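Chemist: need a 3D model of the sequence below.
(one chain, ligands or ions: 2)
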Amino acid sequence: MRAPVVKVRRFRPERSPAIIRAAALLRAGGLVAFPTETVYGLAADAFNPEAVKRVFAAKGRPSDNPLIVHIADPDDVSLAAKGLSEKSRALMRRFWPGPLTLILSRKKRLPGIVSAQADTVAVRIPDDRIARALIRAAGTPLVGPSANLSGRPSPTRAQHVAADLRDRIDLILDGGRTHLGIESTVMDMTVSPPALLRFGAIAPKEIEALIGKISLPETGAGLDPAVRPRSPGMKYRHYAPRAELVIIDGPAGAVQEKIQELINKSFQKGRKAGIISFRKRAGRAGKGMVRYAGSSPEVVAKRLFSILRDLDKAVDLILCEHPDERKVGRAVADRLMRAAGYRMIRAAGSLEDAGHE
Ligand code: TXA
Ligand code: MG
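Modeler: Residues are numbered from 1 along each chain as shown. Ligands and ions are numbered 1, 2, ... in the order given. Got it, this is the predicted structure:
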């Protein structure tokens, strides 16, 4: 099986032959990758347990990591969830369609495999015409994890999906580059106060402005086995390129020197190295391949996963300037730290001290 990559037009996508074909595949229990405003998702009929099982298998996803149910219309939330609070309704009204996933109480009729047998369910409406046209045409809510192999950077282009999953799924809908570039913000509405489980395009402040105090995850939660993550997905190493990724922290000048030193060392050992920079005038880095990721949260979010995948093809070691949360935003900083598995070197200290070698 080698999934075809089919372009979908953005004008009236509901009439496009690609959507009609994709919907038929989904109704028959097939797997279809589709664009959303955040990243590409891997769709299957949420009410077909066999199809959902194939999603876990295709991604190599641990079965204890639940999936998000994607719907096209707010009323359809009642197909998967029950007992919506006023706060949940307020968030839905304000942010749907959009990059906000709500964890709600699961209806028993939704197959347990979708939620990894939890009594909660994650739901969102994507802000993408192609995605909503697909859900409506399929006539059923769709599960939609990011369409990457488990642990790899999320896909922001159809080609990324093809690189990871082409031989494991039935069809890839190509809607171009995704608009936001990182996944949705995830809010658990079944606890009090509501808890943010994953940072995303919608900032905690925007949510608090609407529903009052929410709780935020601790930094590093999910990687420290002592801190049991409430969102099962957060405990796995994520977004990771195959190349080694290391974050370099410290005063700007020292960071540049350190990067240069590490690149030289790396080349001496016959390993190619690349750099992710947040400053336009990053300058040359000798033999290193430099990728400028932008300096605002929006721009970096859009480019990050694509840059990780590109560098991964070209180098063995990726050095990244420490992402300043105030500049690139918490969502991006969080994903970079996870991609690096929290491996960080202080430019002032030595490589050995950081336990790098
Ligand atoms: O932007 C997005 O959300 C993308 C697009 C395709 O919609 N989807 C996505 O799905 O990122 P995925 O499966 O890669 O990430 C879903 C996250 C995981 O961290 C998972 O553990 C968490 O949401 N999650 C899903 N259901 C949950 C539940 N019932 N309780 C707690 N966390 C849940
Ligand atoms: Mg994912």
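Chemist: alpha carbons only for contacts and neighbour counts from here, please
Modeler: Fine.
Chemist: enumerate the residues of the chain near ligand 1.
Modeler: 38-41, 65-68, 99, 103, 115, 120-122, 144-146, 183-184, 231-234 (CA under 6 Å from any ligand atom).
Chemist: please repeat the previous calculation with a cut-off of 5 Å.
Modeler: Residues of the chain found near ligand 1 (CA under 5 Å from any ligand atom) are 38, 41, 65-68, 120-122, 145-146, 183-184, 231-233.
Chemist: filter those down to the buried ones, PyMOL style.
Modeler: Here is the PyMOL selection string for the buried members of the residues of the chain next to ligand 1, based on 16 or more other CA atoms under 10 Å:
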select buried, resi 38+41+65+66+67+68+120+121+122+145+146+183+184+231+233
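Chemist: between all of the residues of the chain next to ligand 1, which two are separated the most?
Modeler: Within these, two members stand farthest from each other by CA to CA: 38 and 120, at 22.6 Å.
Chemist: can you list the low-confidence ranges for this structure?
Modeler: 219-237, 281-287, 349-357 (pLDDT under 70).
Chemist: centroid residue for it?
Modeler: residue 183 (3.9 Å; CA atoms, centre = their mean).
Chemist: picking that back up, which of the residues of the chain next to ligand 1 fall in strands?
Modeler: Counted as lying in strands by DSSP state E, out of the residues of the chain next to ligand 1, are 41, 68, 120, 121, 122.
Chemist: about what we covered before: how about the residue lying closest to the residue nearest to the centre of the chain once chain neighbours are set aside, what does it touch?
Modeler: Leaving aside its sequence neighbours, residue 183 sits nearest to residue 38 (CA to CA, 6 or more residues apart in numbering; 5.1 Å). With contact set as CA atoms under 8 Å, 6 or more residues apart in numbering, residue 38 has these partners: 99, 156, 178, 179, 180, 181, 182, 183, 184.
Chemist: quick one: the helices in the stretch 101-250 of the chain, in order.
Modeler: For the stretch 101-250 of the chain, the helices defined by DSSP state H, counting those that start in this stretch occupy 129-138, 158-165, 204-211.
Chemist: and among these, the most buried is which?
Modeler: Highest mean neighbour count among those (mean count of other CA atoms under 10 Å): helix 129-138, with a mean of 23.
Chemist: which strands and helices lie in contact with that one?
Modeler: Helix 129-138 sits against helix 17-27, with contacts defined as 3 or more CA pairs under 8 Å, 6 or more residues apart in numbering; DSSP states H and E.
Chemist: check which residues of the helix it packs on are buried.
Modeler: Those would be 18, 19, 20, 22, 23, 25, 26, 27, for helix 17-27 by 16+ other CA under 10 Å.
Chemist: same question, stretch 26-42
Modeler: 26-27, 29-42.
Chemist: my read: residue 136 touches residue 72, true?
Modeler: Yes. The criterion here is CA atoms under 8 Å, and residue 136 meets it with residue 72 at 6.5 Å.
Chemist: buried residues of stretch 302-314, list them for me.
Modeler: Here stretch 302-314 shows 302, 303, 304, 305, 306, 307, 308, 309, 311, 312 as buried, counting by 16+ other CA under 10 Å.
Chemist: out of the residues you listed, list just those in strands.
Modeler: Going by DSSP E, the strands hold none of those.
Chemist: nearest to residue 7, of these?
Modeler: Nearest to residue 7 among these, counting by CA to CA, is residue 306 at 19.3 Å.
Chemist: what is the neighbour count of the closest residue to that closest one other than its chain neighbours?
Modeler: If the residues on either side of it in the chain are set aside, residue 306 comes closest to residue 156, at 6.7 Å by CA to CA, 6+ apart. Neighbourhood size, residue 156 [other CA atoms under 10 Å]: 31.
Chemist: what sits against residue 156?
Modeler: Applying CA under 8 Å, 6+ apart, the residues contacting residue 156 are 38, 39, 40, 177, 178, 181, 305, 306.
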